[in-house]
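**Student:** any chance you could fold what I've pasted below:
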Amino acid sequence: MIPVQIRPDQALEELTNFSQKLGHGLQNLMEVGDIPTGVTPKEPVYHEDKMVLYRFQPAAQKVQNRIPVLIVYALVNRPYMTDLQENRSTVQGLLDAGLDVYLIDWGYPDRADRYMGLDDYINGYIDRCVDVIRQRHDIDAVNILGICQGGSFSLCYSAMHPEKVSNLITMVTPVDFHTPDNMLTNWVRNIDVDLMVDTLGNIPGELLNWTFLMLKPYQLAGQKYMNMVDLLDNPKQLKNFLRMEKWIFDSPDQAGEAYRQFIKDFYQDNRLIKGGLQIGEHDVDLANITMPVLNVYAMQDHLVPPAIGTWLDERT
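**Tutor:** The predicted structure is shown next:
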């Protein structure tokens, strides 16, 4: 064991510098003001229950592709991550590339949504949003960009309704839920999800959020806040940090039945890739996905490790 040598004068200097940064930064923290998210202008074009379908304001001179793209985000976080700020916006990038962009905002489920299942979300809301876009643009099929859990939903939708999907993009999307490096699956594989849902009804978003944070407890629940002190004297960087924090902790509750089915069929039984997945009256067979697919995943993603989402590599 290598002995750790700590010089008292150096430790005192570091502590003094830290205290000064913290004291000065608290003033900036009190003056930071509102943290805006979802910066690109948009308008609601369809709503049903708590779900809203938005169309982002296109630059008329830049629309080059007559087939619009529908963004399907996860239920567990808010979709404004796709349009977080002016210089970090997937939506704006798509608009600049000449695409017409729509997005589904799932809203915040409450007790009235307790018995909503995956069929309601996928063969219900997503399908009706696709039909609205098809009718508005007089086209047979749309492009779909599915992100995270929304990517899993998009895979299911494309397998059940392939005639309505022209191109499919999946981003950080879990497909094979039983890869060895999937810590989240190892945690939930033996959970009695029936008891959980029957007891709680809707699953609190805060519970899921802390579950995700505990995947890297030191880094995500401790170290990043120590590092934040170095940002406190820079109002712009501070706002960027708080903007991400706002999104992380803005976690909607999960409709009980949809959560039950997603955990059991996807995480515990891995039916999306193994087969046997049924949503409503439809069997989900990934072999039905014959449209062009672009699969995007992150090498350092601890929630969706690369092996979970590399189904496209095997598919081709």
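**Student:** in the stretch 101-250 of the chain, which spans are helices?
**Tutor:** For the stretch 101-250 of the chain, applying DSSP state H, counting those that start in this stretch gives helices covering 118-119, 127-137, 149-160, 183-188, 193-200, 205-213, 217-218, 224-228, 235-248.
**Student:** most neighbours per residue, which of those helices?
**Tutor:** helix 149-160 (a mean of 25; mean count of other CB atoms under 10 Å). Quick note: C-beta positions are derived from backbone N, CA and C, even for glycine.
**Student:** figure out how far stretch 181-192 is from the centre of its chain.
**Tutor:** 19 Å (CA atoms, centre = their mean, to the nearest Å).
**Student:** compute the first-to-last residue distance for that stretch.
**Tutor:** With CA to CA, to the nearest Å applied, stretch 181-192 spans 22 Å between its terminal residues.
**Student:** what residues are up against P306?
**Tutor:** 297-299 (CB atoms under 8 Å, 6 or more residues apart in numbering).
**Student:** list only buried entries from those residues.
**Tutor:** Neighbour counting with 16 or more other CB atoms under 10 Å marks Y297 as buried within the contacts of P306.
**Student:** ok, so of the contacts of P306, who is nearest N123?
**Tutor:** Among the contacts of P306, Y297 lies closest to N123 (CB to CB), at 26.2 Å.
**Student:** hang on, the earlier thing: pick out the lowest-pLDDT one from the contacts of P306.
**Tutor:** Note: of those, the lowest pLDDT belongs to M299, at 78.
**Student:** element containing that one?
**Tutor:** Here M299 sits in a region with no helix or strand, counting by DSSP states H and E.
**Student:** measure the closest residue to it other than its chain neighbours to N143 for me?
**Tutor:** Sequence neighbours aside, P306 is the residue nearest to M299 in space, at 5.7 Å (criterion: CB to CB, 6 or more residues apart in numbering). Distance, P306 to N143, by CB to CB, to the nearest Å: 24 Å.
**Student:** by mean pLDDT, flag the weakest helix or strand of this structure.
**Tutor:** Ranking every helix and strand in the chain by mean pLDDT, DSSP states H and E puts helix 311-315 at the bottom, with a mean of 57.
**Student:** who touches F262 in this structure?
**Tutor:** Counted by CB under 8 Å, 6+ apart, F262 has contacts 118, 149.
**Student:** quick one, grab the pLDDT at it.
**Tutor:** On pLDDT, F262 comes in at 97.
**Student:** what about it, which SS state?
**Tutor:** Three-state call for F262 (DSSP: H, G, I helix; E, B strand; the rest coil): helix.
**Student:** where do the strands sit along this structure?
**Tutor:** With DSSP state E, the ranges of strands along the chain come out as 42-48, 51-56, 69-72, 83-85, 88-89, 101-105, 142-147, 165-171, 278-279, 282-283, 293-296.
**Student:** reformat those as JSON lines; add distance to N17.
**Tutor:** Converted to JSON lines, the strands of the chain look like this (distance: least, CB to CB, whole Å):
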{"stretch": "strand 42-48", "distance to N17": "44"}
{"stretch": "strand 51-56", "distance to N17": "45"}
{"stretch": "strand 69-72", "distance to N17": "44"}
{"stretch": "strand 83-85", "distance to N17": "30"}
{"stretch": "strand 88-89", "distance to N17": "30"}
{"stretch": "strand 101-105", "distance to N17": "44"}
{"stretch": "strand 142-147", "distance to N17": "40"}
{"stretch": "strand 165-171", "distance to N17": "41"}
{"stretch": "strand 278-279", "distance to N17": "56"}
{"stretch": "strand 282-283", "distance to N17": "61"}
{"stretch": "strand 293-296", "distance to N17": "41"}
